[in-house]
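Q: Sequence first, predicted model second:
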Amino acid sequence: MDKVVYYYEGKENKVLCYHYKSEEDITMYKYENERMGLFTDEGQRLLLKVRDRAQKLLSTSGAFRMLEVLQGVGGDSSFQQLACIDRLIELKEIVECSNPISKSTQHKIFIGLHPPYYETL
């Protein structure tokens, strides 16, 4: 295991912190690992919430950021929420556009692929 050393500097003092990091500590999002969870009853409910919210945002503005579409939809984990977005891409309901300002996941921009969304852009 690797030992990661860092300092936390508060108003009054510095604290030396240690964190032991192993591969088990790091969990990366992979759609392939989360996809099957979308086919459960709970997963389908979450997918429909995300899809409905995406359609509402698309109908008002023609595009949406990841931050807005996932805000307040619930779910057990952020990985489930990300899987919903990936599923909508897989179903060709939305497509990701490049964002020249930010590369952060929450600032990813999406547009719809079905009328009337793409006709208004």
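A: Happy to help now that I have it.
Q: any weak-confidence spans in this structure?
A: 1-26, 115-121 (pLDDT under 70).
Q: now the strands for it?
A: 2-9, 14-21, 64-65, 94-97, 109-112 (DSSP state E).
Q: For the nearest residue to L67 once chain neighbours are set aside, which residues are in contact?
A: What sits nearest to L67 in space, not counting adjacent residues and going by Cβ to Cβ, 6 or more residues apart in numbering, is Q106, at 4.1 Å. All C-beta atoms are positioned from the backbone trio N, CA, C, and that covers glycine. Each residue near Q106 by Cβ atoms under 8 Å, 6 or more residues apart in numbering is listed here: R65, M66, L67.
Q: Neighbour count added to the residues you listed, as JSON lines?
A: Shown next, in JSON lines, are the contacts of Q106 (neighbours: other Cβ atoms under 10 Å):
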{"residue": "R65", "neighbour count": "19"}
{"residue": "M66", "neighbour count": "19"}
{"residue": "L67", "neighbour count": "12"}
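Q: quick one, what contacts the residue lying closest to L57 once chain neighbours are set aside?
A: Of all residues not flanking L57 in the chain, F64 sits nearest, at 3.8 Å (Cβ to Cβ, 6+ apart). Counting by Cβ under 8 Å, 6+ apart, F64 makes contact with A54, L57, L58, I109, F110.
Q: Quick check: G62 vs E42, distance?
A: In this view, G62 and E42 are 30 Å apart by Cβ to Cβ, to the nearest Å.
Q: Which stretches in the chain count as helices?
A: 31-34, 41-61, 66-70, 78-90 (DSSP state H).
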